[in-house]
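> build me a structure from this.
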Amino acid sequence: MIGKRIGHSLDPVVVRIYHLFFGKRVVSPNVLTLFGLFFSLLAAALIALGAPLLAAGVMLFLSGFCDMLDGAVARHANMVTPFGGFLDSVLDRYSDLFLMLAISIHFLRLGDRPFSMISFFAAIGVAVIPYARARAAVASLDCQSGLLERPERMILLIGGLCFSILRPVVLILAVFTHVTVLHRVLLTKKAADAGTQTHEG
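Numbers count the residues shown, from 1 in each chain. Take a look at the predicted model:
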């Protein structure tokens, strides 16, 4: 939802920040994607090991920034490739699921089994959201909308970690990731029905 509204409008700002750190040197967008995964895994490790959640939140913020940076740099330097998009999507899934695993472990460490299970239930929704989109794309159907796409999930998790409010964030994820999946199922059915009617006509 946020990504669809903002689109690539933040690219100029992101590229300026990139130039502050790297000057005119061109860093491969795929390397930036790997940096994003690194910071995300570091955040997950900090959560699972019981480190201060604020530190994990900062690492996750850096991961999210790298996730914005790789696409912006690729578009700015005309380095957009099919493999780059594929790599970014695959590594995002690893990032998302390791984070949810770490949160589940975090609640286990606190002796909170219900929220550990709720975290796992949220992880299922997190995993199925992009699968629904990919499966619709295979059928040449558009299915990109939803309440909790990845930018919204990242913002929620960063806020939950930085302000130590993981429980309400996990509850939101556990409910609205599955609402998002249902929304995508309905959108895909509508698109499929419309395509069938057009073909018959």
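> okay, CA-based contacts and neighbour counts for the rest of this
Noted.
> which residues does stretch 30-40 contact?
If you take CA atoms under 8 Å, 6 or more residues apart in numbering as the criterion, stretch 30-40 is touched by 59-60, 62-67, 69-70, 84, 87-88, 91-92, 94-95, 99.
> in ChimeraX, how would I select just the buried ones from the residues you listed?
Buried residues among the contacts of stretch 30-40 (16 or more other CA atoms under 10 Å), as a ChimeraX selection:
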select :59,60,62,63,64,65,66,67,69,70,84,88,91,92,95,99
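> what is the longest helix of the chain by residue count?
When the chain is parsed with DSSP state H, its longest helix is helix 166-200.
> average pLDDT for that helix?
The average pLDDT within helix 166-200 is 88.
> and it, which residues are buried?
166-167, 169-171, 173-174, 176-181, 183-185, 187-188, 191-192.
> can you check stretch 150-167 too?
Under 16+ other CA under 10 Å, the buried positions of stretch 150-167 are 150-154, 156-162, 164, 166-167.
> contact partners of it?
So stretch 150-167 is contacted by 1-3, 53-58, 60-61, 64, 115, 168-169, 173 (CA under 8 Å, 6+ apart).
> quick one: low-confidence ranges for the protein?
Within the chain, the ranges that satisfy pLDDT under 70 run 1-7, 196-201.
> quick one: the helices in it?
Going by DSSP H, the chain shows helices at 2-6, 11-22, 29-48, 53-76, 82-109, 113-138, 150-162, 166-200.
> now for those helices, which one comes closest to Gln144?
Gln144 lies closest to helix 113-138 among the helices of the chain, at 6.3 Å (CA to CA).
> now do the same contact list for His178.
Contacts of His178 by CA under 8 Å, 6+ apart are Ala122, Gly125, Ile129.
> pick the one among those closest to Leu46.
Nearest member of these to Leu46, counting by CA to CA, is Ala122, at 19.7 Å.
> what residues does the closest one make contact with?
Ala122 neighbours (CA under 8 Å, 6+ apart): Met100, Val170, Leu171, Leu173, Ala174, Val175, Thr177, His178.
> do you know how far the third one is from Ala48?
Pointing back at Leu171 there. To Ala48, Leu171 is 19 Å away according to CA to CA, to the nearest Å.
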